[in-house]
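Visitor: Got a sequence here, can you build the structure:
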Amino acid sequence: MFDYETLKLLWWLLIGVLLIGFVITDGFDMGVGTLLPIIGKTDEQRRIMINSIAPHWEGNQVWLVLAAGAIFAAWPAVYATAFSGFYVAMMLTLFALFFRPVGFDYRSKLADDRWRKSWDWGIFTGSTVPPIVFGVAFANLLQGVPFVLDDFLRPQYQGSFFALLNPFALMVGVFSLSLFVMQGASWLQMKTEDEIHARAKKVIFIVAPLATLLFALAGVWLYYGIDGYVITAIGDLNGPSNPLLKTAELQQGGWLLNYEKYPLMILAPVLGLILPLLVVIATKFNRAGFAFLFSSLTQGAVLMTFALSVFPFVMPSSIDPSMSFTVWDATSSEMTLNIMTIAAVIFLPIILLYTSWGYFKMFGRLGKAFMAKYKHSAY
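Guide: Prediction:
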């Protein structure tokens with residue numbers, strides 16, 4: 001179908017698409033979950049917020065499952081290193097996520113205020129912890145992961161959980177949460193009325209400028225305070241995947257070198273800075289649809305900035321840069337990538353079609369009239 005080099009690049013692109021799909025779709029429902037006990041002042045308002053994402057939240061998580069599965073199949077060494085090195089962080093995320101389906105399904109089973117508020121805080125936890133952990137994980141990728149390869153190319157992680165919680169990573173974790181909250185508040189503008197709609201607008205005026213500020217700060221920190229990785233020699237890109245067939249080194253500002261080689265790439269970080277401000281402007285003029293569009297584009301621009309900055313690195317090693325995993329030397333076999341490509345060509349359009357159909361069928365605003373009509377059947 002394609003040569004090996006093209007397949008390696010193709011799956012780097014496809015995994016990026018899956019991650020963007022996740023942060024756009026699961027981003028808004030996690031954002032709503034984070035805002036649930038904050039702007040939902042009454043039980044009816046919180047039920048409206050939950051029901052605004054009720055038809056979609058389970059389907060949205062398909063993007064996360066697909067991305068994890070694609071990483072497992074396309075970059076098995078990266079998957080193995082991440083799930084061993086970031087094990088505690090991933091278990092923290094997983095246990096937090098448990099609160100979401102249980103909270104959605106059980107909070108309205110009893111008409112008891114304490115019961116429902118407890119589940120609301122459970123939904124808040126399950127929606128707030130994952131974005132922070134995702135941000136911390138991506139920040140640690142930028143700083144390098146402490147692993148080495150043994151004689152059999154098996155990764156050996158040599159770090160600790162608390163080492164992941166460094167100042168830069170925590171700042172990026174807050175930035176990640178601000179993006180998810182902005183996405184959720186933009187969604188609530190489109191889907192709700194009255195008090196919730198007004199409070200969601202106020203949230204936008206806080207988190208969108210904060211996202212721009214933190215994104216700019218992360219870029220400055222990355223240039224002046226964190227050395228980037230640069231490949232100094234590499235073998236045949238169509239050759240076998242072996243991380244030891246290249247050499248790499250650390251260099252100040254190394255993560256920004258790609259922008260010098262390909263100036264058009266600068267559009268990604270520029271859009272990451274500008275788009276949140278456009279969300280504010282759209283919100284100011286009551287253009288909820290545009291606010292959600294600009295917020296969604298922000299998610300994509302930020303992820304593209306990360307991907308373009310680190311390319312071709314996928315997981316750099318902070319112990320020995322030459323043992324880092326890249327797009328060219330951490331992939332599965334050519335046959336595996338060909339089979340995965342065939343599956344993606346068949347099933348990805350199907351997923352996009354039924355997802356689009358679901359959003360089309362559930363289009364419209366929710367308010368007091370909706371809750372009065374579906375009081376006993378809605379979440």
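Visitor: Helices along the stretch 251-379 of the chain, start to end?
Guide: 257-261, 267-284, 288-310, 334-361, 368-373 (DSSP state H, counting those that start in this stretch).
Visitor: which parts of the third one are buried?
Guide: In terms of neighbour count (16 or more other C-beta atoms under 10 Å), helix 288-310 has its buried residues at 288, 290-310. All C-beta atoms are positioned from the backbone trio N, CA, C, and that covers glycine.
Visitor: Does anything pack onto it? Which helices or strands?
Guide: helix 4-39, helix 113-143, helix 167-191, helix 194-225, helix 257-261, helix 267-284 (3 or more C-beta pairs under 8 Å, 6 or more residues apart in numbering; DSSP states H and E).
Visitor: got the ones you listed as CSV, with mean neighbour count, mean pLDDT and distance to residue 243 columns?
Guide: CSV is the format used below for the helices and strands packed on helix 288-310 (neighbours: other C-beta atoms under 10 Å; pLDDT from 0 to 100; distance: least, C-beta to C-beta, whole Å):
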stretch, mean neighbour count, mean pLDDT, distance to residue 243
helix 4-39, 22, 93, 13
helix 113-143, 20, 93, 15
helix 167-191, 24, 95, 24
helix 194-225, 18, 94, 24
helix 257-261, 13, 91, 20
helix 267-284, 20, 96, 27
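Visitor: Kindly reformat the ones you listed as a markdown table and extend each row with distance to residue 344.
Guide: Formatted as a markdown table, these follow (distance: least, C-beta to C-beta, whole Å):
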| stretch | distance to residue 344 |
| --- | --- |
| helix 4-39 | 6 |
| helix 113-143 | 23 |
| helix 167-191 | 25 |
| helix 194-225 | 30 |
| helix 257-261 | 26 |
| helix 267-284 | 23 |
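Visitor: and of these, who's closest to residue 338?
Guide: helix 4-39 (6.7 Å; C-beta to C-beta).
Visitor: what's the distance between the closest one and the middle of its chain?
Guide: Relative to its parent chain, helix 4-39 has a centroid offset of 5 Å by C-alpha atoms, centre = their mean, to the nearest Å.
Visitor: And stretch 239-258, by the same measure?
Guide: Using C-alpha atoms, centre = their mean, the offset of stretch 239-258 from its chain centre is 24 Å.
Visitor: now what about that stretch, what contacts it?
Guide: 4, 77, 142, 149, 153, 222-223, 226-235, 265, 308-311, 316, 321-326, 328-333 (C-beta atoms under 8 Å, 6 or more residues apart in numbering).
Visitor: Same question for stretch 107-117.
Guide: 37, 43, 46, 47, 50, 119, 120, 123, 378, 379.
Visitor: From one end of that stretch to the other, what's the distance?
Guide: 8 Å (C-alpha to C-alpha, to the nearest Å).
Visitor: Could you tell me how far the nearest residue to residue 18 once chain neighbours are set aside is located from residue 20?
Guide: Nearest residue to residue 18, sequence neighbours excluded (C-beta to C-beta, 6 or more residues apart in numbering): residue 67, at 4.0 Å. Noted for residue 67: a distance of 9 Å to residue 20, by C-beta to C-beta, to the nearest Å.
Visitor: Please apply the same query to residue 87.
Guide: Taking C-beta to C-beta, one finds residue 87 at 26 Å from residue 20.
Visitor: now residue 128
Guide: Taking C-beta to C-beta, one finds residue 128 at 21 Å from residue 20.
Visitor: likewise residue 222?
Guide: 21 Å.
Visitor: thinking again about what came up before, state the number of residues packed around the residue nearest to residue 18.
Guide: 20 (other C-beta atoms under 10 Å).
Visitor: Can you say which helix or strand has residue 103 in it?
Guide: Assigned by DSSP states H and E, residue 103 belongs to helix 87-106.
Visitor: re earlier: wasn't the residue nearest to residue 18 part of a helix?
Guide: Yes: remark: residue 67 belongs to a helix, assigned using DSSP: H, G, I helix; E, B strand; the rest coil.
Visitor: for it, what are its contacts?
Guide: Counting by C-beta under 8 Å, 6+ apart, residue 67 has contacts 15, 18, 19, 21, 22.
Visitor: No further queries at this time; thank you.
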